[in-house]
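S.K.: quick one, structure for this:
(one chain, ligands or ions: 2)
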Amino acid sequence: MKYLKKLCVMLLVLMLGAGLASCADPAAAVSHEPGRMEAHFIDVGQGDSTLIICDGKTMLIDAGDDSQGTAIQNYLQKQGVKRLDYLVLTHPDSDHIGGAPVIITKFDIGQVFMSDYTKDNKTYEKLVKALEYKRLAYQTPEVGSEYALGAARVRILGPAGKYGNPNDASVALMIQNGDNRFLFTGDAQEDAEEDMAELSGDLSADVYHAGHHGSKTSTSEAFFERVRPSCAVISCAEGNSYGHPHAQTLNTFRMNGVKVYRTDEEGTIIAVSDGKEIRFDVPASETWKAGEPTGSASSGKKPADGTGDPTGAEKGGMASAAEEPAYILNTKNKKFHRPECDSLPAVNRTESSESRESLLSQGYAPCKRCNP
Ligand SMILES: [Zn+2]
Ligand SMILES: [Zn+2]
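M.R.: Ligands and ions are numbered 1, 2, ... in the order given. This next block holds a predicted model:
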């Protein structure tokens, strides 16, 4: 109840101050003293990793897959980051937590926010071990709770319920700097989007980090109507096997005049907010090019991300059965690996759910380390 009251007061304040701001037009009212905030949508191939810096305070949201830990570490160090005040791991899929052990080991970490959805696999085990090694405990933040990030405020929107799949159980949050709002929902899908809307009311944002890499299982029409972003950022890899982003999501953005920025086209993208305006360091994409799913559709196996299935048929409890892809391919040297192999390719990498025989027949050779 207490937080509900607080939420109502806050919503009133926000309704007065925000909602008008867009990427290009400065808004009139200021809800609180803004700082300079940067959002770095780091190119981690297929996966998410976003660094937020505001007044010297830092938050990392997700850490890509296990091939990306060191690359993210290097990127953070290049930005002068020594400490992460917050590490948010939205949900335990490998393309969000795989690189986290490196980050946890190499940086001084303040608070760790994680989903209450846990997994029983090597990737998750490594994460838990890294946390133990650094004597860090994680918490699943409560919906409605707020945290300071320099002058910016972070409001928790999800997980807004208990879910049978990791994507819906994503930690979701709104970061507000002055009049500018950035929304991050991890891989939350329609059910979770609905719950968020119900619990948190005002979801309007200027920049929307497109849920689930622009998959059509996220960004439902009702949710989009509530967010009404002027800009959307899509984190995905060029030619990813899941078919991210989906044409339907791109259409929603296009029809509504949303500027789209994509890491598969531009690499790392930086958005800077001064509390009134948001500027991107790259031009908006004009390709409107949808991804094309490969591999997973024919064999019926599910990719690591749970819901890459373009039919979106696993909405509900089914996605909890989400498995790692059968193999990780290096398309250049034509080797295939187990997903948990410790020498997975960082480039020329594709996930495949095809059978061993099928890969052999295509000229792929098994990795000598993991012996798939
Ligand atoms: Zn994902
Ligand atoms: Zn996921």
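
S.K.: state the mean pLDDT of stretch 113-122.
M.R.: Mean pLDDT, stretch 113-122: 97.

S.K.: over to stretch 226-244?
M.R.: 97.

S.K.: CA atoms only for it, dumped as CSV, please.
M.R.: Coordinates of each C-alpha in stretch 226-244 appear next as CSV, following Å, rounded to 0.1, in the frame of the first residue of the first chain:
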residue,chain,number,x,y,z
ARG,A,226,1.3,2.8,-23.4
VAL,A,227,4.9,3.4,-24.2
ARG,A,228,4.5,5.5,-27.3
PRO,A,229,8.3,5.9,-27.7
SER,A,230,9.8,8.3,-30.2
CYS,A,231,12.9,6.1,-30.5
ALA,A,232,13.5,2.4,-30.3
VAL,A,233,16.8,0.6,-30.0
ILE,A,234,17.1,-3.0,-31.1
SER,A,235,20.0,-5.1,-29.9
CYS,A,236,20.6,-8.1,-32.2
ALA,A,237,23.1,-9.7,-34.4
GLU,A,238,23.1,-9.4,-38.2
GLY,A,239,21.7,-12.6,-39.6
ASN,A,240,20.8,-14.0,-36.2
SER,A,241,19.1,-17.4,-36.3
TYR,A,242,16.1,-16.3,-34.4
GLY,A,243,14.9,-13.9,-37.0
HIS,A,244,15.2,-10.8,-34.8
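
S.K.: list the contacts of the nearest residue to residue 328 once chain neighbours are set aside.
M.R.: Closest residue in space to residue 328, ignoring its immediate chain neighbours: residue 337 at 4.6 Å, by C-beta to C-beta, 6 or more residues apart in numbering. Quick note: C-beta positions are derived from backbone N, CA and C, even for glycine. Going by C-beta atoms under 8 Å, 6 or more residues apart in numbering, residue 337 touches 327, 328, 329, 330, 343, 344, 345, 367, 369, 370, 372.

S.K.: neighbours of the fourth one, just the number please.
M.R.: One way to gauge burial is a neighbour count; for residue 330, by other C-beta atoms under 10 Å, it gives 20.

S.K.: please name the bridge partners of it.
M.R.: residue 335, residue 349 (DSSP bridges).

S.K.: and the pLDDT at it?
M.R.: Note on residue 330: pLDDT of 87.

S.K.: so what's it up against?
M.R.: 336, 337, 345, 348, 349.

S.K.: look up how far residue 122 lies from the second one.
M.R.: Translated: residue 337. Taking C-beta to C-beta, to the nearest Å as the measure, residue 337 and residue 122 are separated by 13 Å.

S.K.: likewise for the third one?
M.R.: Look at residue 345 and residue 122: by C-beta to C-beta, they are 18 Å apart.

S.K.: follow-up on the earlier one: just the buried members of the contacts of residue 330?
M.R.: Among the contacts of residue 330, those scoring as buried are 336, 337, 345, 349 (criterion: 16 or more other C-beta atoms under 10 Å).

S.K.: where does the second one land on pLDDT?
M.R.: With respect to pLDDT, residue 337 has a value of 87.
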